[in-house]
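Trainee: Okay, sequence plus prediction incoming.
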Amino acid sequence: MERIYFDNAATTALAPEVLESMMPYLTEKFGNPSSIYSYGRETKMAIENARKQVAKILGVTPGEIFFTSGGTESTNTAIHTAVRDLGCDFIISSPIEHHATLHCAEQVAHERNIPLRFVQIDALGHVDLQHLQALLAGHSGKALVTLMHANNEIGNLLEVAAVGDLCEQYHAVFHCDMVQTIGHYPLQLSALKVHFASAAGHKFHGPKGVGVLYINAQTQIKPLIHGGAQERNMRAGTENLYGIVGFAKALELAYNHQDADAQYIFELKEYMHQLLKQNFPEIITNGDAFGNCLYTVLNVSFPKTEQSEMLLFNLDMAGICVSGGSACSSGTTSISHVIKALHNGQSENMIPIRFSFCKNNSKEEVEKVIEKLKELL
């Protein structure tokens, strides 16, 4: 059975060029990067070359790039160390963050007995910057603001520069989850007033299990993981060598083709939306889909009926891969926290579906999905 994959916000297929770059480090170049002999030196060099490459693309210095196991570890490290090492005694987030942020912030706030407040979102799902400023102004201590650049379920984009300016004004620490945007936009982190930024390789055709934590050079923290001197004494544990090499290659490819890929993917999103509205005029588009929004994500809700209740399952049976929300919450049957927050408790009568696209998708696939939806509904 032919499969159609429209869940690229969950993960993307590994690019053949990325696999090719990784293969030598899965075979003959297998040395431990901490070893002093030639096998170790050549793998250590590969890691440092990857670091330089990533830093150059993101507009920062190599010393500000730390390789991790992915976005979740990067985000957890930023939140934990901001409170533990930087003196933050107040956490501000939003109700529609990824659970890597929400659950970590809740845990840290509980353990440290510090307040956690959620900034309001507007009807489209954007962060209310006036409310953010009020929260910052109303606290006399040092705040940690942790907000995502692009929401992984509805795609809404944060005004990162404006949030950075507010954090600077109120001497707050700013962590930005950029897992959905690094590799998709030509970001120059040094031009943004962020202290921490998280990224994950598998969101832009790189390998799973590898990510980056950007830590601004002026931000001094202690390790979260102990046991070795890897990552300049900041993250103990033998490095994911081939993952790091693959991350750098994937980012290079994404950066080199960003404009063309973004235009092509956005046109697919527009086409999907056009056909959905033509055939299912009763659907609701979630978020600011064609405003300040990620070009890869389209989230719509179908009215809840006997036919639509099993829509995700039936699409899967037909070989069509989409999701109802974050991949990290798969296996749950309830409406996601993002959709609930967006519709203020009025979400029980809708079936949300997230379609997320990549350069490997086609208009023919869009048409096939629409035909299957018509058949199922």
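Mentor: Great, that's in hand.

Trainee: I'd like the next helix or strand past the helix or strand of the chain with the lowest mean pLDDT.
Mentor: Counting by mean pLDDT, DSSP states H and E, the weakest-scoring helix or strand in the chain turns out to be helix 337-342, with a mean of 92. Counting by DSSP states H and E, the next helix or strand C-terminal to helix 337-342 is strand 350-356.

Trainee: pLDDT averaged over that following strand - what is it?
Mentor: Averaging pLDDT along strand 350-356 gives 96.

Trainee: helices and strands around it, which ones?
Mentor: strand 297-303, helix 311-317 (3 or more C-beta pairs under 8 Å, 6 or more residues apart in numbering; DSSP states H and E). C-betas here are computed from N, CA, C, even on glycine.

Trainee: Mind doing that once more with 6 Å?
Mentor: Packing contacts for strand 350-356, counted by 3 or more C-beta pairs under 6 Å, 6 or more residues apart in numbering; DSSP states H and E, involve strand 297-303.

Trainee: Buried ones in the strand it packs on, by neighbour count?
Mentor: By neighbour count, with 16 or more other C-beta atoms under 10 Å as the criterion, the buried positions of strand 297-303 are 297-302.

Trainee: before we move on, what about stretch 12-20?
Mentor: Under the neighbour-count criterion of 16+ other C-beta under 10 Å, stretch 12-20 has 12, 14-15, 18 buried.

Trainee: how about JSON lines for those, with distance to Ile47 added?
Mentor: Listed next are the buried residues of stretch 12-20 as JSON lines, based on distance: C-beta to C-beta, whole Å:
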{"residue": "Thr12", "distance to Ile47": "23"}
{"residue": "Leu14", "distance to Ile47": "19"}
{"residue": "Ala15", "distance to Ile47": "20"}
{"residue": "Val18", "distance to Ile47": "16"}
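
Trainee: Redo those residues as JSON lines? Include pLDDT, distance to His343 and secondary structure.
Mentor: What follows is those, written out as JSON lines (pLDDT from 0 to 100; distance: C-beta to C-beta, whole Å; DSSP: H, G, I helix; E, B strand; the rest coil):
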{"residue": "Thr12", "pLDDT": "98", "distance to His343": "29", "secondary structure": "coil"}
{"residue": "Leu14", "pLDDT": "98", "distance to His343": "36", "secondary structure": "coil"}
{"residue": "Ala15", "pLDDT": "98", "distance to His343": "37", "secondary structure": "coil"}
{"residue": "Val18", "pLDDT": "98", "distance to His343": "38", "secondary structure": "helix"}
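
Trainee: Of those residues, which is the nearest to Ser347?
Mentor: Among the buried residues of stretch 12-20, Thr12 lies closest to Ser347 (C-beta to C-beta), at 27.9 Å.

Trainee: and the next element down the chain from the helix or strand encompassing Lys56?
Mentor: In this structure, Lys56 is located in helix 38-58 according to DSSP H and E. Downstream of helix 38-58, the first helix or strand assigned by DSSP H and E is strand 65-68.

Trainee: Now that following strand: buried residues?
Mentor: Residues of strand 65-68 classed as buried: 65-68 (neighbour count, 16+ other C-beta under 10 Å).

Trainee: Report the backbone C-alpha coordinates of the helix or strand just after it in PDB.
Mentor: Sequence-wise, the next helix or strand downstream of strand 65-68 (DSSP H and E) is helix 71-85. Taking Å, rounded to 0.1, in the frame of the first residue of the first chain, the C-alpha atoms of helix 71-85 are listed here in PDB:
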ATOM      1  CA  GLY A  71      15.000  19.700  21.800                       C
ATOM      2  CA  THR A  72      13.700  18.200  25.000                       C
ATOM      3  CA  GLU A  73      17.100  18.000  26.700                       C
ATOM      4  CA  SER A  74      18.100  21.400  25.400                       C
ATOM      5  CA  THR A  75      14.900  22.900  26.800                       C
ATOM      6  CA  ASN A  76      15.200  21.100  30.200                       C
ATOM      7  CA  THR A  77      18.800  22.300  30.500                       C
ATOM      8  CA  ALA A  78      17.800  25.900  29.900                       C
ATOM      9  CA  ILE A  79      14.900  25.900  32.300                       C
ATOM     10  CA  HIS A  80      16.700  24.100  35.100                       C
ATOM     11  CA  THR A  81      20.000  26.100  34.900                       C
ATOM     12  CA  ALA A  82      18.200  29.500  34.500                       C
ATOM     13  CA  VAL A  83      16.600  28.900  37.900                       C
ATOM     14  CA  ARG A  84      19.500  27.100  39.600                       C
ATOM     15  CA  ASP A  85      22.400  29.200  38.300                       C
END
